[in-house]
Structure formats: C-alpha cells, structure tokens
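J.: Predicted model, plus sequence, below.
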There are 2 protein chains.
Amino acid sequence: MKARILQLLREQEGYVSGQDICRQLSVSRTAVWKAIGQLKEDGYVIEAVQNKGYHLLEAPDVVTEAEILSRLHTAWAGHPTVFLEKTDSTNNEAKRRAEAGAAHGTLVVAELQEAGKGRRGRCWTSPGGTGIWMTLLLKPDFSPSQASMLTLVAAMAVADGIGRATGLDAGIKWPNDLVIGGKKVCGILTEMSAEPDYINHVVIGIGINANIEEFPEELSERATSLFLESGKRVCRAEVIARVWEAFEKYYEEFLKTADLSPLKEVYESRLLNMDQAVCVLDPKGEWKGIARGIDENGRLLVEPENGKRIKTVDSGEVSVRGVYGYV
Amino acid sequence: MKARILQLLREQEGYVSGQDICRQLSVSRTAVWKAIGQLKEDGYVIEAVQNKGYHLLEAPDVVTEAEILSRLHTAWAGHPTVFLEKTDSTNNEAKRRAEAGAAHGTLVVAELQEAGKGRRGRCWTSPGGTGIWMTLLLKPDFSPSQASMLTLVAAMAVADGIGRATGLDAGIKWPNDLVIGGKKVCGILTEMSAEPDYINHVVIGIGINANIEEFPEELSERATSLFLESGKRVCRAEVIARVWEAFEKYYEEFLKTADLSPLKEVYESRLLNMDQAVCVLDPKGEWKGIARGIDENGRLLVEPENGKRIKTVDSGEVSVRGVYGYV
C-alpha cells in the first residue's frame, strides 16, 4: 500500500489527488490518509494542497520494502521484498527463510549486517545506513553443476544496475567482482544448498559500497564506493531496483540454454580482464597468460604466455590475479 | 566416560575389576561407581561381584553416544557423536550445527525424526525405537562438483556395514539405494551447502529400516527391514559403528584421487543394475539398455539396446528404472 502510493506519487508530474489514489488502489480515503501519515513518519516530505492533492518533495535514502517496491519493475525478482533493520548476514537470513518455505524471488535487504560474510567464510564489513546489503533467493529447476554460472549473471546485473542508476561504468573482474577506477565496489557471494541432482535453493548475496564516504586506510587502495566515484550520494533503493530488473532479464536469458552462451558477449564487454595479462595460480604451479574471454560455462579462457593453446580456467581450481594493478 | 567403560566391559571376557577401570581411564573409584550406576539406569544389566568386578550381561538396543562410541573404531567419523531423542530431521540438525561451527566428522543420531526427509524434499517415515536415522557432517576440501560422488561412497559403506553387523547381503541400486531381496532397506540423502568453488559443508543422511517389524501395505512390496530379512532383531549401534568404519576407510580412498576410480570395482561388485536391463528416463525420450557399471565420476554406463556406443547417464538428467522388479 505504501509502496503503491509512493509509486503513484513518483510516476505523476505535479499533484496526485487523493481521489485518484483511492480509485487506482481501490481503497478508502481514510486508508490513503493514514498511509500518507505513515510515509511522513518514515521521513518522506509530502506536500498536501487543498483541491490539488499530494506531491512528493523529498524521499529519505532508505531501503525499506515500500521504497524498493515503489521503484521495482519486475515479475518475480524482489517479490516479496523483506527489509530488516539488522541481521547477521542477508545470506544466512535468506537461507533460513528458504528452509522455512520462502518463495523463489524473495529479496532480503538489511540496513546493517552484524556478521556479513565474504567468500570462503571471510568477514565482510557492512556498516549501516550507507551500503547495500541484500540477498536474492532462487529455487531453480536446473542442475547443481549449473548454479555457479549464476554468480556471473549477477555480476552483469550489478554492472548494469549501477550504470542505469548512477551513470558509473563498472567493470567485472572475473568471475564476479565489480570494479570502478581500479577499485572494488561490490562483492557477490553465491551459495547453494543442493542434493547431488537437485537444487534446494541458491542465495545470491550482493554487497555494494554505495554511500560510504571513507574507507579505513588499509582498504582505501583496493575499495571504493559509488559516492566516492560519482561525487554524489546515490539513491540506494534505485540501485537495488535497477540491479534486480537487470538480473531478472539476464536470468530469463540464461534459462533458455542453462548456460552463458546467450550472455557471453555482454559479459565479455564488461570483462576487465579481457585481452589483459593474468597470472593463474594453479596448484601445480603459477603461470602467466592473456585472458581471451569466457566459455559458455563461465570459465576463463587463458592463452598461455608460452604460446600453447588456450586453457580454460575454473575458479574452483585456481585464482586469477590481475598483473595490472588491483587485486 | 560411559562409552569407555562400556568398551572395556565389552572387550574383556569375564569380569573387569573396578581398579582396572580406574587405572585405564585415569579416574577415581567413585567416578566409576557413579558411571556404572548411570549405565544401569540407562537399561544396561551389569553384574557386580565382590573381588571379581563388573560384567556386562545385557545391553539395551539404544543409539546413544555411549552405546555407539563404545563400539566405534574410527579416527574422525563419528567424533563427536550427538544423540537426540527426537529432532525434525537429522540432516537439518546437522546443517544447523554446521552453520554453528560443528566439526568435520560430527555424527547426529536421533531416535525419532518428526519431519524426516527423502530426496527432493519428499517425506520419509522415521518411527522411533526401530530405525537408524543419522547424518554425518563433512567439511571437505575438494570442489563442489565432486561432492555428488560421496553419495555412492556412502552406499558402499552402508552395504559393508550391514554385511558386517548382520551377515545380510545388501546390493546397491544406482546411485545410492540399498536393496535386500528386491526391496529397499536404506535411503541416503546427501545435501551440500557450497559457494561456486568452495564447499561449506556436506551432510550425508542415512535412514536404515533396522528393526521395523511391519510396513503399511502400500510400502510392503517395496520396503523391507534388517529384522524382516534376517529374522532377528539387530543391534542398531553395531550397524551404525560398522557403517562409519567402512565409510571412513572408503572416504580416505576417495580423497586420494577425488574421484571413484579406486572404488569403482568394489562399487560395481555391489551394483544390482550390473549387466541388467535398465530404462533411462531421458527428458528427450525414454530408452532402454544394459547397465555396464559406473565411470570414475559415478555416472552409470549404459549400453543402448539399439547397439550404439555406451552412454554415461547422470542422475541429474535422468532416472533409471529397473525393468526387473523393484523400483
């Protein structure tokens, strides 16, 4: 209800009459009046003028259900959206909800993560009020071996979403780090619960450094934020909405073949490693080469320095270190 | 402590003196006396004779930590063992404990499962007092794509364990159903929590119809129990111990190559589908052939009826229906 009213106020130039809102939402005048009051309490500045109606003057930078849903144009991604003031980690929260029967497409967003997780159980700093910490729950039909490709699909979606919401050009460091100006702006943690031939659920956790104004010195060489790169505060709910709109579109493409062949070209256009030197940390010995793109399963294609034929590099077997600056 | 005392009483012919127990366990006479008292309360019949010591006359058919650990000879599988009177499902319990930091090798055993799970979220009936409902937690170093093979390793271990504890000859229906006399006696549900290139944990849930005396009519054609097949009640803790001893041995073999090549021969010697007609339910169309064993990744090798070359069948893509009786 609050989301629908916000949406109406945003879509309309000028004023929206209370009567129009009642009609479009099929609710009473009193219900509209109450919801407007709640929105004001939530920090929205809404002007009400006799005989003209309501006009949204200012919205707070919040990531509540209402704020996100009022901007989100998707069929299933983000429906429902669940907002929490704080949680241990949005991935853990989404996993618990999955076990309890939450639907495919459920989005969990938290203002604050008390135990945000990076890859392989590492810590991820998730301050409140300035970041985007969210997880999408998926219950796909394809096989567990195909799930690892979703992390590349998500990386593309975040790059698109950031671009549309802020105009910033984010590149992808294979497989799924988002980088602006040589520094990391977003991390993605995909986790799966599966039987050998059946996916229980997949959670895609996305942490975006949105309005963070300063990083601790040890991180400032490697990390940046949308605020630092664009010089202005971004609307987090807008970034969130654009990310999941892009994700839903790419995911539907992905489903057609259950591999990345329809998305390979777009992914590669975002790939910072493309035609760049990479250092492959193979357990059998480190070697250097030039990245030449990805195959349809999302593995990196690397042309070895010694001129031997192109090898496919699996993120499970190796780490790729860019030899051109950032890690 | 109770487990160690039970172990001493079992290993010794005749009587074990209280003094011997004190010395071997480095505990006081009073502590031994208390533990013996607790064991009696738990249903153990222990004779105590002045100047001779203790003698175990009778043990109840329980699956407590003490009873299992007093029989278990493993380095890590089943250490620790956690016994619960009841839980929703031992897989869920093990997963929760994994998230909370439980160790590789933790075994969860329940007398009763209130929401036992079969494959793909199906129900599994788990009555109390007569079955073996247990889950082993693993935190392996290998890649998520290799985890599905563990379910075949577990099937071999259960076949071995049943054989050693009861003398019954259980065969494997690919990939992981245990069958005696054409009827299913055990189901295995392997689940994994993973990132694309990293396993958080694997849980291997095993449900064995041990001392179940009767099945509902709709199941009796397809299901059997160790009791029904052997004509006598089995000691459940003994079956449990033999299963995890076999598992630990096979698992160590598996780790050498991180595939099934060292175990293929033993697996195939247990494989009921071997050289038998199978019907492959390929989504592109059903076809028939003869099973010729497994490859090193645990896929079934099937020689098509039409004489074309052998195909590998993945449990993710197809179901295999035996055309020779049981499902």
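T.: The structure has been received and is ready for your questions.
J.: between the longest strand anywhere in chain A and strand B:183-195, what angle do the directions make?
T.: Counting by DSSP state E, the longest strand found in chain A is strand A:183-195. Inter-element angle recorded for strand A:183-195 and strand B:183-195: 180 degrees (by axes from the mean of the first three to the mean of the last three C-alpha atoms, to 10 degrees).
J.: Can strand A:183-195 be said to contact chain B?
T.: Yes - for strand A:183-195, a contact with chain B is found by C-beta under 8 Å from any C-beta of the partner chain, at A:189, A:190, A:191, A:192, A:193, A:194, A:195. Where you see a C-beta, it was placed from the backbone N, CA and C, and this is true even at glycine.
J.: Neighbour-wise, which one of those leads?
T.: Most neighbours among those, by other C-beta atoms under 10 Å in any protein chain shown: residue A:190, with 28 neighbours.
J.: List the contacts of it.
T.: A:147, A:148, A:150, A:151, A:154, A:176, A:202, A:203, A:204, A:205, B:195, B:196 (C-beta atoms under 8 Å, 6 or more residues apart in numbering or on different chains).
J.: and the residue nearest to it when sequence neighbours are not counted, which of the three is it?
T.: Once flanking residues are discounted, residue A:190 sits nearest to residue A:151: 4.1 Å by C-beta to C-beta, 6 or more residues apart in numbering or on different chains. Secondary structure, DSSP: H, G, I helix; E, B strand; the rest coil: residue A:151 is helix.
J.: Now do the same contact list for residue A:151.
T.: Taking C-beta under 8 Å, 6+ apart, we find residue A:151 in contact with A:175, A:176, A:188, A:190, A:204, A:298, B:196.
J.: if you set the cut-off to 7 Å instead, what comes out?
T.: By C-beta atoms under 7 Å, 6 or more residues apart in numbering or on different chains, the contact list for residue A:151 reads A:175, A:176, A:188, A:190, B:196.
J.: and the fourth one, what are its bridge partners?
T.: If I follow you right, that is residue A:190. Applying DSSP bridges to residue A:190 gives these bridge partners: residue A:204.
J.: can you map out the helices along chain A?
T.: With DSSP state H, the ranges of helices along chain A come out as A:2-11, A:18-25, A:29-41, A:65-69, A:90-99, A:150-166, A:217-220, A:226-230, A:236-257, A:264-270.
J.: Give me the contacts around the last one.
T.: In other words, helix A:264-270. The contact list for helix A:264-270 (C-beta under 7 Å, 6+ apart) reads A:152, A:156, A:159, A:171, A:172, A:260, A:274, A:293, A:294, A:296.
J.: Could you list the low-pLDDT ranges of chain A?
T.: When residues are selected by pLDDT under 70, those of chain A lie in A:316-327.
J.: ok, now with 50
T.: Scanning chain A for pLDDT under 50 picks out A:323-327.
J.: Using the record's domain definitions, break it down for me.
T.: With automatic domain parsing as the criterion, the domains of chain A are listed as A:2-58, A:65-270, A:277-322.
J.: how distant is the longest one from the center of its chain?
T.: Read it as domain A:65-270. Relative to its parent chain, domain A:65-270 has a centroid offset of 3 Å by C-alpha atoms, centre = their mean, to the nearest Å.
J.: circling back: export the helices of chain A to JSON lines and tack on distance to residue A:110?
T.: Shown next, in JSON lines, are these (distance: least, C-beta to C-beta, whole Å):
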{"stretch": "helix A:2-11", "distance to residue A:110": "18"}
{"stretch": "helix A:18-25", "distance to residue A:110": "28"}
{"stretch": "helix A:29-41", "distance to residue A:110": "21"}
{"stretch": "helix A:65-69", "distance to residue A:110": "12"}
{"stretch": "helix A:90-99", "distance to residue A:110": "5"}
{"stretch": "helix A:150-166", "distance to residue A:110": "17"}
{"stretch": "helix A:217-220", "distance to residue A:110": "21"}
{"stretch": "helix A:226-230", "distance to residue A:110": "18"}
{"stretch": "helix A:236-257", "distance to residue A:110": "12"}
{"stretch": "helix A:264-270", "distance to residue A:110": "27"}
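J.: Figure out which of those is closest to residue B:217.
T.: The closest of the helices of chain A to residue B:217 is helix A:90-99. By C-beta to C-beta, the value is 33.2 Å.
J.: Buried ones in the closest one, by neighbour count?
T.: Residues of helix A:90-99 classed as buried: A:90, A:91, A:92, A:93, A:94, A:95, A:97, A:98 (neighbour count, 16 or more other C-beta atoms under 10 Å in any protein chain shown).
J.: thinking again about what came up before, which of the contacts of helix A:264-270 tops the neighbour count?
T.: Most neighbours among these, by other C-beta under 10 Å: residue A:152, with 29 neighbours.
J.: Count residues in the vicinity of the closest residue to chain B within the stretch 1-150 of chain A, would you?
T.: In the stretch 1-150 of chain A, the residue found nearest to chain B is residue A:148; the distance is 3.4 Å by C-beta to the nearest C-beta. When neighbours are counted by other C-beta under 10 Å, residue A:148 registers 26.
J.: Then residue A:57?
T.: Residues lying near residue A:57 (other C-beta under 10 Å) number 10.
J.: hang on, isn't residue A:196 packed against residue B:315?
T.: Yes - taking C-beta atoms under 7 Å as the definition, residue A:196 is a contact partner of residue B:315 at 6.2 Å.
J.: So for those two, which residue has more residues nearby?
T.: Of the pair residue A:196 and residue B:315, residue A:196 is the one with more neighbours under other C-beta under 10 Å, namely 25 against 22.
J.: List the contacts of that one.
T.: B:148, B:151, B:190, B:315.
J.: so which of those residues would you say is closest to chain A?
T.: Distances from chain A to the contacts of residue A:196, taken as C-beta to the nearest C-beta, are shortest for residue B:148 (3.4 Å).
J.: check contacts around that closest one.
T.: By C-beta under 7 Å, 6+ apart, residue B:148 lies in contact with A:196, B:298.
J.: how about 6 Å then?
T.: Going by C-beta atoms under 6 Å, 6 or more residues apart in numbering or on different chains, residue B:148 touches residue A:196.
J.: Next, find the distance separating residue A:256 from chain B.
T.: Residue A:256 is 15 Å from chain B, where distance means C-beta to the nearest C-beta, to the nearest Å.
J.: Number of residues surrounding the closest residue to that residue other than its chain neighbours?
T.: Nearest residue to residue A:256, sequence neighbours excluded (C-beta to C-beta, 6+ apart): residue A:262, at 6.0 Å. Residue A:262 has 15 neighbours, counted by other C-beta under 10 Å.
J.: Now do the contacts for residue A:134.
T.: Residue A:134 is in contact with A:90, A:109, A:206, counting by C-beta under 6 Å, 6+ apart.
J.: which non-adjacent residue is nearest it?
T.: Once flanking residues are discounted, residue A:134 sits nearest to residue A:109: 4.4 Å by C-beta to C-beta, 6+ apart.
J.: Let me see the contact set for the one you found.
T.: Residue A:109 touches A:63, A:83, A:134, counting by C-beta under 6 Å, 6+ apart.
J.: how does it look with 7 Å?
T.: So residue A:109 contacts A:63, A:68, A:81, A:83, A:90, A:134, A:240 (C-beta under 7 Å, 6+ apart).
J.: Which positions in the stretch 101-250 of chain A make contact with chain B?
T.: Proximity of the stretch 101-250 of chain A to chain B, by C-beta under 7 Å from any C-beta of the partner chain, involves residues A:119-120, A:143, A:145, A:148, A:151, A:189-198, A:200.
J.: repeat that with 10 Å
T.: Contact residues (C-beta under 10 Å from any C-beta of the partner chain) of the stretch 101-250 of chain A with chain B: A:117, A:119-121, A:142-152, A:175-176, A:188-200, A:202-203.
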